[in-house]
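1. Here you go, sequence then predicted model.
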Amino acid sequence: MNKNLFYLFLVVFFLAACQKREETTPIENPNTEVSNNTQDEGPMVLGKKLENPYSVKNMRIAYKRLMGKKNYSVKTSATDENAVTTTHYYVRFLPKDTAEYDRLKTDTTLHLYQIPLDYEIISSGSNYQDTTGKPTWQYTAVKKGYQFDPNIQYEILEELYIPETVEATTTSALGSNKSNPNQFTIDLVNESMKLTNNLKDTLKSTNDIKTLYRPSGRIRVFDTRLNAYIPLVGVQIRGRRWFNFQRTYTDANGNYSLGYFGGNTNLSIFYETNDFDVRSGTFGQAWLDGPHTNDPWSVDISGGVQRFYAHVFRGARRYHHGDIGGLNRPDKPYNIKYAAYDKRGSSQGMNVMVHIVWPDISIWRYKSNGEEYSSDEIFSTAVHETAHSSHLTRMNSGLIQYAQVSSKLIESWAVGVEWMITQKEYRERGITNYSGPEYDRTGTISYPISRAYQYWNRNFNDPNYTPLYIDLIDDYNQASTGIGSITDNVRGYTLPQIEGFLKHIYGLSSLNEQLKAHKPVGVTDAQIDQLLGQY
């Protein structure tokens, strides 16, 4: 089999094997009265193209006008407008496929936007698509001398002079957190803003940095399981004034603070970190475009696609950066991509494992019947699918070895990890019995796994999605409920312990061997045989 056919086989294999099915019986949502505010739904709407105040051409005209004014008191060593020269390029990139898009995204010096940066924004939205198809153009500004990837199509739209990045006098340029703004910089920028009719973007003419604008606020998201707003931790916040960019991340309370800006700033939420990013479908960054403001900006994401993006982000971030009880992080040589689809799916989530054409992980907002998944279901699905990626990296030979593991063991491992991490998340947030023996005890629910798998019954559950690994670590016998069908007398293992020998497990036989070789005190071989014999 040639290499291309081999990879195609693997793609088909994982498409079939690594899907988290939707629940077979709808779960009642106790929070149906909560307002589902569709914040910034739909595409962004752009208005007219604005005259660029930072173009070298306009900055030279502004410089000449400024120097021609009577009684202008700020001294500069520049003698004519030719001293205003190119510092940056306003550029756009057009990646032709996922691989090129990923290469752009991994360049942390780039602040990529899906919208052109010199257009008026009439109304914000959750996405923007130009006429080029997908992926769409990606816009930013790069420093002069930036080394472009010759394999990725790009276009230099304009040469820029950004005086905020240039030390024109002995004081530092505008935007420093430690020094006063440079008055010459302020005057030059304002002259160009007036020249280009961008009066709302003039800078404050003051030497007191305390009066400058420092964006700050708090980001929260509504959780339908908790029936409350919770902090959105670790999400990226961006500030942009034309071609001046800053980014930061929210803290444990959802709070953020950027550096100083000289005036009105466009603020946005980007659902990404240095290890992963959430996409608005197959291509495109999931984001929330915020206001053009000089006031604090706080957001309570109450509903709509933004809430969906936020909970996908929460699950991914917990696995990549939060407390996961001693488990390993997914050790990938690239950022994992979570495609968040704002539509119905025949499954709730999927991990294709082979990062060639599609994003690694896909998650759907709605069940096939049109019902929206609850917050903890979205969170737990992100965890479940990430567990597959982490499982792969534990195998010595990667995909070749992983492909030999039975579907039951692949999915049951993800079930166990999902159960443990989602339980930790929601117990920490106040539901002390979340996913425990007495939580949501109906016996008719097959999903979400994090709440229902203490009552697994092969007659109404997918036979590959079992609580096998849960049964190894918990102290609860399903058969005692009269609902679950598994007699479970094994206890005392931990998922981090099992993860240590996961690379040796391919099916029930090799699992049996490894469990007996690492069994806790009090567990017998007969008990292990009894438990595994039921699967």
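-> Looks like it arrived, so ask away. Everything quoted here is computed from the prediction, not taken from an experiment.

2. what's the following helix or strand after whichever strand or helix holds I121?
-> Counting by DSSP states H and E, the element that carries I121 is strand 119-123. Note on strand 119-123: by DSSP H and E, the next helix or strand toward the C-terminus is strand 138-143.

3. All the helices of the stretch 201-350 of the chain, residue numbers only.
-> With DSSP state H, counting those that start in this stretch, the ranges of helices along the stretch 201-350 of the chain come out as 304-321.

4. Now tell me what touches the strand or helix carrying A526 from outside.
-> Here A526, judged by DSSP H and E, is contained in helix 525-533. Here helix 525-533 makes contact (Cβ atoms under 8 Å, 6 or more residues apart in numbering) with 468, 471-472, 486-490, 508, 511-512, 515-516, 519. (Each C-beta comes from the backbone N, C-alpha and C, glycine too.)

5. Please list only the buried members of those residues.
-> Buried members of the contacts of helix 525-533, scored by 16 or more other Cβ atoms under 10 Å, are 468, 471-472, 486-488, 490, 511-512, 515, 519.

6. quick one: least confident of the residues you listed?
-> The lowest pLDDT within those belongs to I486, with 85.

7. Excluding chain neighbours, what is closest to that residue?
-> In this structure, I486 finds its nearest non-sequential neighbour in Q478, 4.5 Å apart by Cβ to Cβ, 6 or more residues apart in numbering.

8. for stretch 198-213, how far is the first residue from the last?
-> Its first and final residues considered, stretch 198-213 spans 18 Å by Cα to Cα, to the nearest Å.

9. average pLDDT for that stretch?
-> 72.

10. before we move on, the earlier item: quick one: work out the angle between the strand holding I121 and strand 138-143.
-> Put simply, strand 119-123 runs at 140 degrees to strand 138-143, going by axes from the mean of the first three to the mean of the last three Cα atoms, to 10 degrees.

11. now the buried ones among the contacts of helix 525-533 in TSV, with secondary structure and distance to W358?
-> Listed next are the buried ones among the contacts of helix 525-533 as TSV, based on DSSP: H, G, I helix; E, B strand; the rest coil; distance: Cβ to Cβ, whole Å:
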residue	secondary structure	distance to W358
L468	helix	29
D471	helix	33
L472	helix	33
I486	coil	35
T487	coil	41
D488	coil	37
V490	coil	38
L511	helix	30
N512	helix	35
L515	helix	35
K519	coil	40
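
12. Let me have the residues you listed in a markdown table, adding distance to L112 as columns.
-> Compiled in a markdown table, the buried ones among the contacts of helix 525-533 are given as follows (distance: Cβ to Cβ, whole Å):
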| residue | distance to L112 |
| --- | --- |
| L468 | 43 |
| D471 | 46 |
| L472 | 44 |
| I486 | 49 |
| T487 | 55 |
| D488 | 50 |
| V490 | 50 |
| L511 | 44 |
| N512 | 50 |
| L515 | 48 |
| K519 | 51 |
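
13. For these, work out which two are farthest apart.
-> Pairwise distances across these peak at 18.4 Å for I486 and K519 (criterion: Cβ to Cβ).

14. Please read off the pLDDT at T386 from the model.
-> If you check T386, the pLDDT there is 96.

15. you'd agree it is up against A316?
-> Yes - contact status for T386 versus A316: in contact at 6.2 Å, counting by Cβ atoms under 8 Å.

16. Now do the shared contacts for the two.
-> Contacts common to T386 and A316, judged by Cβ under 8 Å, 6+ apart, are I336.

17. how about the helices in the stretch 1-150 of the chain?
-> 3-17, 56-68, 98-105.

18. Other residues contacting the second one?
-> Right, helix 56-68. 51-53, 72, 78, 80-86, 159-161, 163, 187-188, 191-192, 195-196.

19. quick one: that helix to chain centroid distance?
-> 42 Å (Cα atoms, centre = their mean, to the nearest Å).

20. Restrict that helix to CA atoms and write it as PDB.
-> Listed in PDB are the C-alpha atoms of helix 56-68, where the atom choice follows Å, rounded to 0.1, in the frame of the first residue of the first chain:
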ATOM      1  CA  VAL A  56       3.800  56.800   4.300                       C
ATOM      2  CA  LYS A  57       2.200  59.100   1.800                       C
ATOM      3  CA  ASN A  58      -0.300  60.600   4.200                       C
ATOM      4  CA  MET A  59       2.200  60.700   7.100                       C
ATOM      5  CA  ARG A  60       4.600  62.800   5.000                       C
ATOM      6  CA  ILE A  61       1.900  65.300   4.100                       C
ATOM      7  CA  ALA A  62       0.900  65.500   7.800                       C
ATOM      8  CA  TYR A  63       4.500  66.000   8.800                       C
ATOM      9  CA  LYS A  64       5.000  68.800   6.300                       C
ATOM     10  CA  ARG A  65       1.800  70.500   7.500                       C
ATOM     11  CA  LEU A  66       2.800  70.100  11.200                       C
ATOM     12  CA  MET A  67       6.300  71.600  10.600                       C
ATOM     13  CA  GLY A  68       4.700  74.500   8.700                       C
END
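
21. Just the mean pLDDT for it, thanks.
-> 91.

22. Could you give me the buried positions within that helix?
-> Within helix 56-68, the residues that count as buried by 16+ other Cβ under 10 Å are 56, 58-63, 66-67.

23. Need those residues in JSON lines (columns: distance to S346).
-> Below are the buried residues of helix 56-68 laid out as JSON lines (distance: Cβ to Cβ, whole Å):
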{"residue": "V56", "distance to S346": "54"}
{"residue": "N58", "distance to S346": "54"}
{"residue": "M59", "distance to S346": "55"}
{"residue": "R60", "distance to S346": "59"}
{"residue": "I61", "distance to S346": "59"}
{"residue": "A62", "distance to S346": "58"}
{"residue": "Y63", "distance to S346": "61"}
{"residue": "L66", "distance to S346": "63"}
{"residue": "M67", "distance to S346": "67"}
